[in-house]
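A.B. asks: model the structure of this input:
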Amino acid sequence: MTRLRLFRVKDLLLYIAIACVTIGVLLTLNRTGSDMIIVKINKTTVYRFSLLEEATKTIESDNGKLMDVVIKDEDAYIKNSTCPLHLCEEGSIAQTGALVCVPNRVIITYDTDQMDYDNEDRRGYDLMTK
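C.D. replies: Numbering: from 1, shown residues only. Model prediction:
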């Protein structure tokens, strides 16, 4: 009687190759190639920082300090947020592609658009498009 094997050596090698390709694609998709990030508060771009300069930047609004954005190793993450649950302090922009703090209404994303943000004629789209 022959014994049925669950995995063969060739199957295992194929699974490892597929896993490596998938991880590589996921890591590539999260990074846009931009070396700038933008910080929006209430849908308005307020700050623009370079990921090439390591620093800790304070994000402030009219009501005072909201959080610190730490830029290190061409990555950024939130620290010392004033929101109640501090969920925005989990992860980094390289892992998620964006950092969001809902209570403070702050969104941090890669700057993929080189247009002038002060242009009043430019309208963005949200989930409900025209």
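
A.B. asks: tell me the contacts of Leu66?
C.D. replies: Applying C-beta atoms under 8 Å, 6 or more residues apart in numbering to Leu66 gives the contacts Ile41, Ile59, Glu60, Ser81, Thr82, Cys101, Asn104, Val106. Backbone N, C-alpha and C define where each C-beta goes, glycine included.

A.B. asks: now the fifth one: how far from Asp68?
C.D. replies: If I follow you right, that is Thr82. 10 Å (C-beta to C-beta, to the nearest Å).

A.B. asks: what's across from Ala55 in the sheet?
C.D. replies: Beta-bridge partners recorded for Ala55 (DSSP bridges): Ile71.

A.B. asks: number of residues surrounding it?
C.D. replies: Number of residues near Ala55 (other C-beta atoms under 10 Å) recorded here: 11.

A.B. asks: please name the residues that touch it.
C.D. replies: Ala55 touches Phe49, Val70, Ile71, counting by C-beta under 8 Å, 6+ apart.
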